[in-house]
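> Task: produce atomic coordinates for the following.
(chains A and B)
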2 protein chains.
Amino acid sequence: MHEFELIRQVFREADYARPGGAVVHSIGDDCALLETAASEQLAISTDSLLEGVHFPPGADGFLLGQRALAVAVSDLAAMGARPLAFTLALSLPQADADWLRELSRGLQTMARQAAIPLVGGDTTKGPLNLGITVMGTVPAGQALLRSGARPGQQLWVSGPLGGAAAALQVLQAGSSSYPGLLAAYWTPKPQLELGQWLRGKGGAALDISDGLLADAGHMAAESGVQLVIEQERVPVHPEAQALSAHQTLEWALCGGDDYQLVFSLPGQHAAALQKHFSQARCIGRVCVGQGVLLVDGQGQSVDLAHKGYQHF
Amino acid sequence: MHEFELIRQVFREADYARPGGAVVHSIGDDCALLETAASEQLAISTDSLLEGVHFPPGADGFLLGQRALAVAVSDLAAMGARPLAFTLALSLPQADADWLRELSRGLQTMARQAAIPLVGGDTTKGPLNLGITVMGTVPAGQALLRSGARPGQQLWVSGPLGGAAAALQVLQAGSSSYPGLLAAYWTPKPQLELGQWLRGKGGAALDISDGLLADAGHMAAESGVQLVIEQERVPVHPEAQALSAHQTLEWALCGGDDYQLVFSLPGQHAAALQKHFSQARCIGRVCVGQGVLLVDGQGQSVDLAHKGYQHF
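Numbers count the residues shown, from 1 in each chain, chains lettered A, B, ... in the order given. The predicted model follows:
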């Protein structure tokens, strides 16, 4: 296991793993130590990314490092939390130093973007698996919950959808064209600023990992409301449209992995939202009832089963 | 993936995953939410347990659940931290409901013993792997670090060693005799009370996962001291002695997995320690110098290389 000791060294010496700020003690003891403030609550989420399940086999280390951490941090964004620290439990089949350095460079890129230091790790020999636990802070009582949607609120998404689902088709074809789609898949941007802006405004939020319709369904169920989505208002990724116009709406509604936020908001905040977050789009409204209702341009209900949409 | 949805339900509904105490919001949203106190620091550690690497293939779910959480919580004990919450990222090859319920029952048993609720989880299909992140709290500035040993202090262990290493031989032979050894392996007791008692007394601590000599080596290196261990004072597990008298000392010195604490302590606290923790044993002292020196009953240095001890 000497080779694995060298790998641990890569992370221990990484400059995104240095103590500072809230990190009193980083990697190297039985636990890391962090400072917290009494007026804040701690937000925690854990994710595993397995090769062949959550990302294609043979993934580039740099891209995978960025994506793995972005996906995890997105859960903090969805709660309106500010990133505090993350831990990485890595298993990998062999100690390939070059690939590892690329993975670490990818983690570092996203760690800097999101201002989230690495504070603990564990590396073992096994099938490639990145287990990431993220911690963040949120002022007490102000976290954005899935259960916060109220009838009368508007329903929004933070930006264009369908890019990551379209990218999977490009990846499966082994192509490197459509760089905007590949970026949507490999380097999603956790919507941290938006999540924090939404705090205290009375709405619900979650990040779209399973697909807009499925995740809106979670919000509807947890909030005890109906969400009406106007399909013509759902923003789609322009390169997805270029790749396959007739598949784009299905990708946008049912494809996951975009990590945009879907959120509800009282209408009086709409102008300020649009001013600060120009990519956000209002896609519908919160009603009394249950489930998700998709409507077309004439306001007619779209029969989802008939469309044969996957994952719904 | 419907079967995996059912599994997630097992954990979501487990009674060790209920909100309460510091847990404001548990499983079911993008993040869990915990209360913290400003006078306390947060201690965090992450561990992966892979089948065939960290535990034998075909392990009993109940025992595995207990062991996995005990091993993780032991890192909190070693810092003197009080358990706050844990997350579980589980990958498993198939959704075997009976085995899963046993795993959950094992986790619950240890979660109750250690008073640590489950606050987040992620379940995916893949090779059996339990990724556990534990969080605890410790009064600011009072965590027990590996770097805290000072010349003149005594060196102690919290209880008998070698039981878990001996148990591996019993397990490899497929035997179920020596129940005390099997218990030492499957249900180590995180030394939480002892860790908290040691706070503020000026010493160093860590939990013995790699073996006494290796872990004492970590303490010596981080503290910049020499640790002198008298081999005749090292407490050994009585059933290990019964299994193989001539291997017992090697198991106790070099076998890992016992999760006792090794710690240093100013001599004035020795009587109070012994009164409260009757299994603890003084095994040596902290000196000026570096590394670990093992001495025999005549005070002569033992040549570790000559002994052919593994893992050192």
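
> Quick one: neighbours of A:Gly284, just the number.
Counted with other C-beta atoms under 10 Å in any protein chain shown, the neighbours of A:Gly284 add up to 23. Backbone N, C-alpha and C define where each C-beta goes, glycine included.

> ugh, wrong one, I meant A:Ser175
Other residues lying near A:Ser175 total 12 when counted by other C-beta under 10 Å.

> just A:Val236 next, same as before
Neighbours of A:Val236 using other C-beta under 10 Å come to 18.

> Look up how far A:Leu194 lies from it.
19 Å (C-beta to C-beta, to the nearest Å).

> now A:Gln142
From A:Gln142 to A:Leu194 the distance is 14 Å (C-beta to C-beta).

> which residues touch A:Ala165?
The neighbours of A:Ala165, taking C-beta atoms under 8 Å, 6 or more residues apart in numbering or on different chains as the test, are A:Gly211, A:Ala240, A:Trp251, A:Ala252, A:Cys254, A:Gly255, A:Gly256, A:Asp257, A:Asp258.

> okay, A:Gln142 and A:Leu194: which has more neighbours?
Legend: neighbour count by other C-beta under 10 Å for A:Gln142 and A:Leu194, higher for A:Leu194 (24 against 16).

> In which helix or strand does the more buried one reside?
A:Leu194 is located in helix A:192-198, with elements delineated by DSSP states H and E.

> Ok, A:Gly297 next?
Here A:Gly297 is assigned to no helix or strand, by DSSP H and E.

> wouldn't it be in contact with A:Val234 here?
No - taking contacts as C-beta atoms under 8 Å, A:Gly297 lies outside contact range of A:Val234: 11.9 Å.

> Between these two, tell me which one has more neighbours.
Using other C-beta under 10 Å, the more surrounded residue of A:Gly297 and A:Val234 is A:Val234, with 21 against 9.

> State the pLDDT value of that one.
Each residue has a pLDDT score; the one for A:Val234 is 96.

> rewinding a little: wondering if the helix holding A:Leu194 reaches chain B at all.
No - Helix A:192-198 is not in contact with chain B by C-beta under 8 Å from any C-beta of the partner chain; minimum separation 9.5 Å.

> what packs against the following helix or strand past that helix?
Moving toward the C-terminus from helix A:192-198, the next helix or strand (DSSP H and E) is strand A:205-207. Contact analysis of strand A:205-207 by 3 or more C-beta pairs under 8 Å, 6 or more residues apart in numbering or on different chains; DSSP states H and E lists helix A:61-79, helix A:212-223, strand A:261-265 as its packing neighbours.

> tilt between the next helix or strand after the second one and helix A:212-223?
Heading C-terminal from helix A:212-223, the first helix or strand you meet, by DSSP H and E, is strand A:226-230. Strand A:226-230 and helix A:212-223 are oriented at 150 degrees to each other (axes from the mean of the first three to the mean of the last three C-alpha atoms, to 10 degrees).

> Need the residues that contact strand A:226-230.
For strand A:226-230, contacts defined as C-beta under 8 Å, 6+ apart pick out A:149, A:155, A:212-213, A:216, A:219-220, A:264, A:283-297.

> Check the burial of A:Leu84 by counting its neighbours.
By the criterion of other C-beta under 10 Å, A:Leu84 has 26 neighbours.

> The host helix or strand of it: which residues count as buried?
Using DSSP H and E, A:Leu84 sits within strand A:82-92. Neighbour-count burial for strand A:82-92 flags A:Arg82, A:Pro83, A:Leu84, A:Ala85, A:Phe86, A:Thr87, A:Leu88, A:Ala89, A:Leu90, A:Ser91, A:Leu92 (criterion: 16 or more other C-beta atoms under 10 Å in any protein chain shown).

> go on, stretch A:176-194?
For stretch A:176-194, by 16+ other C-beta under 10 Å, it's A:178, A:181-192, A:194.

> and what of stretch A:283-298?
Of the residues in stretch A:283-298, A:Ile283, A:Gly284, A:Arg285, A:Val286, A:Cys287, A:Val292, A:Leu293, A:Leu294, A:Val295 count as buried by neighbour count, 16+ other C-beta under 10 Å.

> Could you do stretch A:116-133 as well?
Using 16+ other C-beta under 10 Å as the test for burial, stretch A:116-133 gives A:116-126, A:128-133.

> Check the secondary structure at A:Gln94 for me.
When classified by DSSP: H, G, I helix; E, B strand; the rest coil, A:Gln94 comes out as coil.

> What is the neighbour count of it?
There are 10 residues near A:Gln94, going by other C-beta under 10 Å.

> With A:Ala78 instead?
A:Ala78, neighbours per other C-beta under 10 Å, totals 34.

> Report the beta-bridge partner residues of A:Gln226.
Beta bridges link A:Gln226 to A:Cys287, A:Gly291 when assigned by DSSP bridges.

> coming back round to it: report the entries of the buried residues of strand A:82-92 that also contact chain B.
Within these, those near chain B by C-beta under 8 Å from any C-beta are A:Ala85, A:Thr87, A:Leu88, A:Ala89, A:Leu90, A:Ser91.

> what's the closest non-adjacent residue to the fifth one?
If I follow you right, that is A:Leu90. The shortest distance from A:Leu90 to any non-neighbouring residue, by C-beta to C-beta, 6 or more residues apart in numbering or on different chains, is to A:Thr123 (4.9 Å).

> Could you tell me the model confidence score at A:Ala305?
65.

> Assign the residue nearest to A:Leu90 to helix, strand or coil.
Secondary structure, three-state DSSP: A:Thr123 is strand.

> before we move on, what about A:Asp257?
A:Asp257 - assigned by three-state DSSP - is coil.

> measure the closest residue to it other than its chain neighbours to A:Ala220 for me?
Closest residue in space to A:Asp257, ignoring its immediate chain neighbours: A:Ala164 at 3.6 Å, by C-beta to C-beta, 6+ apart. According to C-beta to C-beta, A:Ala164 stands 23 Å off from A:Ala220.

> and what of A:Ala173?
On the measure of C-beta to C-beta, A:Ala173 and A:Ala220 end up 35 Å apart.

> which two in the ones next to chain B among the buried residues of strand A:82-92 are spaced the farthest apart?
A:Ala85 and A:Ser91 (20.9 Å; C-beta to C-beta).

> if I read this right, A:Val10 contacts A:Asp98, doesn't it?
No - A:Val10 is beyond contact range of A:Asp98, at 11.0 Å (criterion: C-beta under 8 Å).

> between the two, who's got more neighbours?
Applying other C-beta under 10 Å to A:Val10 and A:Asp98 shows that A:Val10 carries more neighbours, namely 17 against 8.

> Which parts of the stretch 1-150 of chain A are helices?
Along the stretch 1-150 of chain A, counting by DSSP state H, counting those that start in this stretch, helices occupy A:2-12, A:61-79, A:97-114.

> Let me see the contact set for the residue lying closest to A:Gly20 once chain neighbours are set aside.
Nearest residue to A:Gly20 in three dimensions, chain neighbours excluded: A:Pro117, at 7.4 Å (C-beta to C-beta, 6+ apart). A:Pro117 makes contacts with A:Tyr16, A:Ala17, A:Arg18, A:Gly20, A:Gly21, A:Val23, A:Ser26, A:Ala85, A:Phe86, A:Ala111, as judged by C-beta under 8 Å, 6+ apart.

> Highest neighbour count among those residues?
Going by other C-beta under 10 Å, A:Phe86 tops these with 31 neighbours.

> Please list the residues of the stretch 201-312 of chain A that sit near chain B.
So the stretch 201-312 of chain A meets chain B at A:Leu206, A:Asp207, A:Glu222 (C-beta under 8 Å from any C-beta).

> my read: the second one touches A:Leu194, true?
Yep, that's A:Asp207 we're talking about. No - if you go by C-beta under 8 Å, A:Asp207 and A:Leu194 don't touch, sitting 10.5 Å apart.

> Roughly how far does the residue nearest to A:Leu90 sit from B:Glu250?
For A:Thr123, the distance to B:Glu250 - C-beta to C-beta - is 27 Å.
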